[in-house]
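Visitor: Model the following, please.
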Amino acid sequence: MERIEILKTQRRQLTSVGIDIGSSTSHVVFSKIVLEKNTKSPTEKFEIVDREVLHSGPIHLTPFKDARNIDFPSLRDLLLEDYRTAQIAISDIDTGAVIITGETAKKSNAEWIVNALAGESGKFVAATAGPNFEAVLAAYGSGAVAKSLITGKTIMNADVGGGSSNIAVCKEGRVVATAAINVGGRLVATDEARKITRLEETGKKLATLIGLNLELGDTLDERDACRLADALADALIEGLLGKISLQSTQLLMMTPPLQFMDHIDVITFSGGVAEYFYGIEEKQFNDLGVQLANSIKVKTKTLGIPIEKPDQRIRATVIGAGNFSLQVSGSTTFLSTGLEYPIRNLPVIVPFTPKRKAIAEDVEKAIVNALTRFDLREGEDRMILSFNDAVRPSYENLTEFSRGVVAALPNTISKNQPIMMCFDTDIGNSVGNIMRRETGITNEILSIDEISLREGDFIDIGAPIIEDVVVPVIVKTLVFDAD
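Guide: I've put the predicted structure just below:
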């Protein structure tokens with residue numbers, strides 16, 4: 001069996017950037033991430049040993065051309081100025097994430113802008129964030145995840161932004177449940193004369209539900225603004241409790257209700273509205289932010305759960321994106337030279353293969369069954385196959401395993417598409433080499449290891465960062481167990 005040489009690099013420092021384009025504000029955070037070889041590990045896997053925020057850019061109001069389109073040139077100029085202020089060149093960036101969140105993600109040119117910024121701003125791994133993943137990022141960036149590990153408390157973090165609130169329950173240093181609801185301070189915005197200049201469809205529907213007929217150009221007085229804020233806060237409280245009894249909650253929920261019925265020790269709030277909730281921000285932006293924060297403050301008192309201030313608030317999501325979502329593969333990987341990075345949004349498929357003992361027919365059947373479970377079309381839909389404790393590392397077993405994988409992917413083979421695999425043990429390089437040698441296929445192969453994935457995950461893979469074998473990976477877990 002071919003063996004990979006021990007990597008010479010002992011320590012690597014990465015410069016990471018997180019860019020968050022939200023419904024209300026946009027901002028950038030630059031971070032330093034330090035990787036060190038774990039000499040106690042048999043494979044000397046690199047691990048993240050230190051993270052440090054180098055520079056936090058100012059909070060920008062997200063520029064829009066009209067109700068349906070983000071103003072990309074203006075946004076790009078703001079972000080590039082942040083690079084200059086931080087004295088960090090685009091070429092200095094090793095990895096990072098650009099995410100569009102909340103109501104902004106629904107804009108017509110949102111996906112194009114994400115890809116454009118990812119292309120202009122460095123070697124990005126992640127470029128999108130659904131509502132559940134956004135909740136995870138905010139929970140990490142706010143400090144709620146770390147605090148749950150340190151204190152042993154179960155902490156619920158609600159990231160209340162311009163267009164949505166993303167809820168995460170943190171227990172023992174991990175996120176165990178998530179939900180999201182269209183509650184935000186920028187669903188309706190006005191000019192200085194209180195004339196409505198921005199009216200999201202969700203905001204208009206909620207207004208109709210409570211008896212208000214709002215249109216662009218109408219005047220929104222303080223009384224009606226408070227009525228809207230109260231309705232939003234009521235729905236958020238139900239969202240925190242996992243309930244959907246109110247019509248407003250049913251209208252606003254973006255995900256299934258929160259599935260966590262155990263005791264919550266502490267609630268923290270992050271996001272732009274949290275700046276008003278904790279009395280930190282005084283400047284107003286002619287939206288519902290202040291009224292919503294005040295209403296949430298009143299209504300959360302009825303829950304009887306202590307409220308604490310998190311380490312980060314308005315920058316929680318972007319700090320989570322640029323600093324806390326990164327993992328690295330093991331060093332015993334197999335990466336074909338023809339692969340193009342970054343590889344984004346790969347759904348994770350987990351074939352239930354017989355433990356350790358590989359028989360080609362069983363491996364083939366397990367993969368076919370897994371594809372069927374997810375309604376994926378082999379040879380048409382991109383995916384990564386993730387194997388847990390799949391095969392004993394002997395040449396015979398690895399050969400049998402490789403033949404089973406190839407047999408399950410006839411369309412992928414015939415179309416000469418890449419075969420992408422992930423293993424939780426250190427056999428990625430061995431599988432790739434033997435698959436190439438024993439099956440005769442010419443497809444590009446990506447075979448990474450020492451990362452555990454679950455069905456329901458999506459992953460992004462960046463270009464190699466250490467000696468052409470260690471790759472950065474962001475795991476976007478969308479489904480959690482409430483245990």
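Visitor: so is Ser148 in a helix, a strand, or just coil?
Guide: Using DSSP: H, G, I helix; E, B strand; the rest coil, the structure places Ser148 in helix.
Visitor: which residues touch the spatially closest residue to Ile359 that is not a sequence neighbour?
Guide: Once flanking residues are discounted, Ile359 sits nearest to Glu400: 6.2 Å by Cβ to Cβ, 6 or more residues apart in numbering. C-beta here means a position set from N, CA and C on the backbone, and glycine is covered the same way. Residues near Glu400 by Cβ atoms under 8 Å, 6 or more residues apart in numbering: Ala358, Ile359, Ala360, Val363, Val391.
Visitor: Quick one: list the elements packing against the longest helix belonging to the chain.
Guide: Determined from DSSP state H, the single longest helix within the chain is helix 222-241. Packing contacts for helix 222-241, counted by 3 or more Cβ pairs under 8 Å, 6 or more residues apart in numbering; DSSP states H and E, involve strand 155-160, strand 165-171, strand 174-181, helix 201-209, helix 247-252, helix 289-300.
Visitor: Among the ones you listed, show the one with the smallest mean pLDDT.
Guide: In terms of mean pLDDT, the lowest-scoring of those is strand 174-181 (a mean of 91).
Visitor: Tell me how far that one lies from the chain's centre.
Guide: Taking Cα atoms, centre = their mean, to the nearest Å, one finds strand 174-181 lying 12 Å from the centre of the chain it belongs to.
Visitor: mind exporting the longest helix of the chain as PDB, just the C-alpha atoms?
Guide: C-alpha atoms of helix 222-241 as PDB (Å, rounded to 0.1, in the frame of the first residue of the first chain):
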ATOM      1  CA  GLU A 222     -45.000  55.700  16.000                       C
ATOM      2  CA  ARG A 223     -48.200  54.000  17.200                       C
ATOM      3  CA  ASP A 224     -48.400  51.700  14.100                       C
ATOM      4  CA  ALA A 225     -44.600  51.100  14.200                       C
ATOM      5  CA  CYS A 226     -45.100  49.900  17.800                       C
ATOM      6  CA  ARG A 227     -48.000  47.700  16.800                       C
ATOM      7  CA  LEU A 228     -45.900  46.000  14.100                       C
ATOM      8  CA  ALA A 229     -43.000  45.600  16.600                       C
ATOM      9  CA  ASP A 230     -45.300  44.000  19.200                       C
ATOM     10  CA  ALA A 231     -46.600  41.500  16.600                       C
ATOM     11  CA  LEU A 232     -43.100  40.700  15.600                       C
ATOM     12  CA  ALA A 233     -42.000  40.200  19.200                       C
ATOM     13  CA  ASP A 234     -45.000  38.000  20.000                       C
ATOM     14  CA  ALA A 235     -44.000  35.800  17.100                       C
ATOM     15  CA  LEU A 236     -40.400  35.700  18.200                       C
ATOM     16  CA  ILE A 237     -41.400  34.600  21.700                       C
ATOM     17  CA  GLU A 238     -43.300  31.700  20.200                       C
ATOM     18  CA  GLY A 239     -40.400  30.900  18.000                       C
ATOM     19  CA  LEU A 240     -38.100  30.700  21.100                       C
ATOM     20  CA  LEU A 241     -40.600  28.300  22.700                       C
END
